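**Q** using only what follows, build the 3D model:
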Amino acid sequence: MLNLAILSRGAGLYSTQSLFRAARNRGHYVRVIDHQRCHIVIERGLPQVIYEGTRLIGMDALIPRIGASVTDYGAAVIRQFELMGIYTATRSEALIMARDKLKCLQKISAAGLDVPKTFMAGAVEDVPSLIDKFCGVPLIIKLLEATHGVGVILAESRQTAISVVESFFKLDQPVILQEYIAESGGADIRAFVVGKKVVAAMYRQAAEGEFRSNLHRGATSSMIELTHHEKAIVLKAAHLMGLDIAGVDLLRSNRGPLVMEVNASPGLEGIEGTTGVDIAGAIIEHVEQGAGRFGKGRRG
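**A** Model prediction:
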């Protein structure tokens with residue numbers, strides 16, 4: 001039996017509850033901890049986390065579920081647990097890397113995986129020429145930490161794209177611009193990685209009149225079987241991010257599969273409901289194995 005903790009701001013959220021039940025079903029002690037209420041104590045030779053007035057001790061493993069709005073503090077809490085010698089299912093640096101869409105795409109593309117053509121302007125006055133030179137319109141504009149489709153805009157015209165980017169620049173919000181893959185037809189694939197396996201995959205189709213394929217925005221989903229090539233791409237993308245648990249989003253284009261992003265804290269509700277796969281159980285099994293290897297390494 002392991003002493004597990006799930007880092008989550010919402011104890012009642014589907015993903016948190018699914019992981020909680022899976023851990024209990026496998027005989028583990030598990031509790032949900034709100035990372036925003038974790039207090040980091042930095043002291044020579046004695047890293048500590050204080051929660052509800054008590055020092056957290058005795059945990060075997062940590063399963064982070066960190067929302068995009070609290071990435072930095074969530075990562076700092078994970079890092080503190082790492083310093084305390086506790087196995088974490090998602091490493092702090094991997095979370096930070098995956099959350100930054102630009103860094104993620106930089107690393108993935110440099111390793112030879114194909115992505116939508118993407119650019120970022122250092123100065124707003126250069127945007128018009130960059131649009132003309134690299135991708136034209138329509139194009140996609142994304143905030144660096146957009147999630148659930150929020151902060152993702154389809155610019156149908158050159159002037160709209162320029163106006164949107166100018167507005168974000170004024171708000172000191174950096175954005176990336178990407179080519180629009182028309183042939184995908186508002187559809188993408190979410191593949192879920194646990195360890196070195198793709199445990200489930202679903203095809204998501206955007207609602208009529210919508211280009212974003214997020215289930216939160218009315219998209220429909222169905223189970224899909226990936227090709228061997230797509231599976232290899234998904235596993236390589238997760239590995240490049242240093243993630244053992246990841247949701248990798250692909251677009252099927254005329255030039256082959258394109259990696260859109262790698263999610264370090266993918267939701268379970270949509271993909272478990274669509275595929276019927278017990279992903280939470282797979283995650284807990286992976287954590288059991290990881291904590292066991294980690295413990296042996298420390299004792300060794």
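**Q** what about the closest residue to A155 other than its chain neighbours, is that helix, strand or coil?
**A** With sequence-adjacent residues excluded and distances taken as CB to CB, 6 or more residues apart in numbering, A155 is closest to A161, at 3.6 Å. Every C-beta, even on glycine, is put in place using the N, C-alpha and C of the backbone. Here A161 is recorded as helix under DSSP: H, G, I helix; E, B strand; the rest coil.
**Q** what pLDDT does A161 get?
**A** With respect to pLDDT, A161 scores 91.
**Q** measure it to S184 for me?
**A** For A161, the distance to S184 equals 19 Å [CB to CB, to the nearest Å].
**Q** so L144 lies in a helix, does it not?
**A** No: judged by three-state DSSP, L144 forms no part of a helix; its state is strand.
**Q** I'd say V259 and L250 touch.
**A** Yes: if you go by CB atoms under 8 Å, V259 and L250 touch, sitting 6.2 Å apart.
**Q** shaky segments in the protein?
**A** 145-150, 209, 211, 213, 216-217, 296-300 (pLDDT under 70).
**Q** quick one, helices of it?
**A** Assigned by DSSP state H, the helices in the chain fall at 14-25, 71-83, 92-99, 101-110, 127-134, 158-170, 228-240, 269-275, 279-299.
**Q** report how many residues lie close to D132.
**A** 11 (other CB atoms under 10 Å).
**Q** ok, back up a step: neighbour-wise, which of A161 and S184 wins?
**A** Per other CB under 10 Å, whichever of A161 and S184 has more neighbours is A161, with 25 against 21.
**Q** for A182, see how far away that one is.
**A** 16 Å.
**Q** again, but for L250
**A** 16 Å.
**Q** more neighbours: the two, which one.
**A** With neighbours defined as other CB under 10 Å, L250 and A182 compare such that L250 has more, 24 against 11.
**Q** which phi and psi does G122 have?
**A** phi -80, psi -20 (degrees, to the nearest 10).
**Q** just to revisit the earlier point, where do the contact lists of V259 and L250 overlap?
**A** Residues within reach of V259 and of L250 at once, by CB atoms under 8 Å, 6 or more residues apart in numbering, are I233.
**Q** I'd say V30 and S8 touch.
**A** No: using CB under 8 Å, V30 is not in contact with S8; the gap is 11.3 Å.
**Q** and L4, what is it in contact with?
**A** A23, H28, Y29, V30, R31, M59, D60, A61, L62, I63, I284, V287.
**Q** could you rerun that using 6 Å?
**A** Neighbour list for L4: A23, H28, V30, A61 [criterion: CB atoms under 6 Å, 6 or more residues apart in numbering].
**Q** any idea how many residues pack against the first one?
**A** Meaning A23. A23 - counted by other CB under 10 Å - has 25 other residues nearby.
**Q** ok, back up a step: and the gap between the residue nearest to A155 and S167?
**A** Distance from A161 to S167, by CB to CB: 11 Å.
**Q** per the record, what domains does the protein have?
**A** Per automatic domain parsing, the structural domains of the chain span 3-90+281-299, 98-114+185-264, 118-180.
**Q** which residues does V234 contact?
**A** Contacts of V234 (CB under 6 Å, 6+ apart): A191, V198, V248.
**Q** repeat that for 10 Å
**A** 113, 189-193, 198, 201, 226, 246-250, 257, 259, 262 (CB atoms under 10 Å, 6 or more residues apart in numbering).
**Q** among those, name the ones in strands.
**A** 189-193, 198, 201, 246-250, 257, 259, 262 (DSSP state E).
**Q** who are the contact partners of K107?
**A** Neighbours of K107 in contact, by CB under 10 Å, 6+ apart: M97, A98, D100, L113, A237, L240, M241, G242, V262.
**Q** for these, which one is nearest I141?
**A** For the contacts of K107, the minimum distance to I141 (CB to CB) is 16.2 Å, reached by D100.
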